[in-house]
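**Q** missing the sequence, but the structure's below:
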């Protein structure tokens, strides 16, 4: 009985520590500042202009994101599913390693996919969860099992005010 209580107490304390780290104001502020950038900032990076607070470094320009991806598409998220890590999960505590998104493809610049597709975004790559019903431009690569995954927050760009980014993607896609 004491062993089970101690084990359960350790699990609760570990969960509380993870929640505290996850919701720490300093970490949240730092992550929010670096997690996303607008399409005009990305377009500016591709043309060589500097952008204050840019999350994509010079080595991750729009062109390099496009070249590294096997799939570049405009998608609308239709479902969000937890990616459970069974090895780290304990009885009474589930370890989520990321999210698997179901999406409807609206436009493709690179790669082949049906109208419906699924991709993974791990918490090790991005702490920000995509929103159901929202549109994103994604830059997906295959994982070791051949499933589509996004390697960073910058690989899922919100489709809000993306006119400059769409024009840049059209230009890059035509170049081959």
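**A** Sure, I can see it. On a predicted model such as this, the values are computed, not experimentally measured, just so you know. Numbering: from 1, shown residues only.
**Q** show me what the closest residue to residue 134 other than its chain neighbours bridges to in the sheet.
**A** Nearest non-adjacent residue to residue 134, counting by Cβ to Cβ, 6 or more residues apart in numbering: residue 77, 5.8 Å away. Every residue, glycine included, has its C-beta placed from N, CA and C. When bridges are called by DSSP bridges, residue 77 pairs up with residue 103.
**Q** isn't residue 77 up against residue 121?
**A** No. In terms of Cβ atoms under 8 Å, residue 77 does not count as a neighbour of residue 121; the distance is 10.4 Å.
**Q** between these two, which has more neighbouring residues?
**A** residue 121 (27 against 20; other Cβ atoms under 10 Å).
**Q** and the closest residue to residue 87 other than its chain neighbours, its phi and psi?
**A** Of all residues not flanking residue 87 in the chain, residue 95 sits nearest, at 7.9 Å (Cβ to Cβ, 6+ apart). Dihedral pair for residue 95: phi -100, psi 120, per degrees, to the nearest 10.
**Q** how many residues are close by residue 95?
**A** 16.
**Q** who's in contact with it?
**A** 84-89 (Cβ atoms under 8 Å, 6 or more residues apart in numbering).
**Q** joint contacts of residue 77 and residue 121?
**A** In contact with both residue 77 and residue 121: 101, 130, using Cβ under 8 Å, 6+ apart.
**Q** circling back: the contacts of residue 95: which two are farthest apart?
**A** For those, with distances taken as Cβ to Cβ, the pair at the greatest spread is 84 and 87 (9.9 Å).
**Q** who has more neighbours out of those two?
**A** Set residue 84 next to residue 87 and count neighbours by other Cβ under 10 Å: residue 84 wins out with 14 against 7.
**Q** for the more buried one, give me the pLDDT.
**A** Note on residue 84: pLDDT of 92.
**Q** state the distance from it to residue 164.
**A** Separation of residue 84 from residue 164 (Cβ to Cβ, to the nearest Å): 38 Å.
**Q** then residue 117?
**A** The value you get for residue 117 to residue 164, if Cβ to Cβ is used, is 25 Å.
**Q** helices or strands next to the helix or strand encompassing residue 67 in the packing?
**A** Following DSSP states H and E, one finds residue 67 within helix 62-68. Other helices and strands packing on helix 62-68, by 3 or more Cβ pairs under 8 Å, 6 or more residues apart in numbering; DSSP states H and E, are helix 39-46, strand 135-142, helix 163-175.
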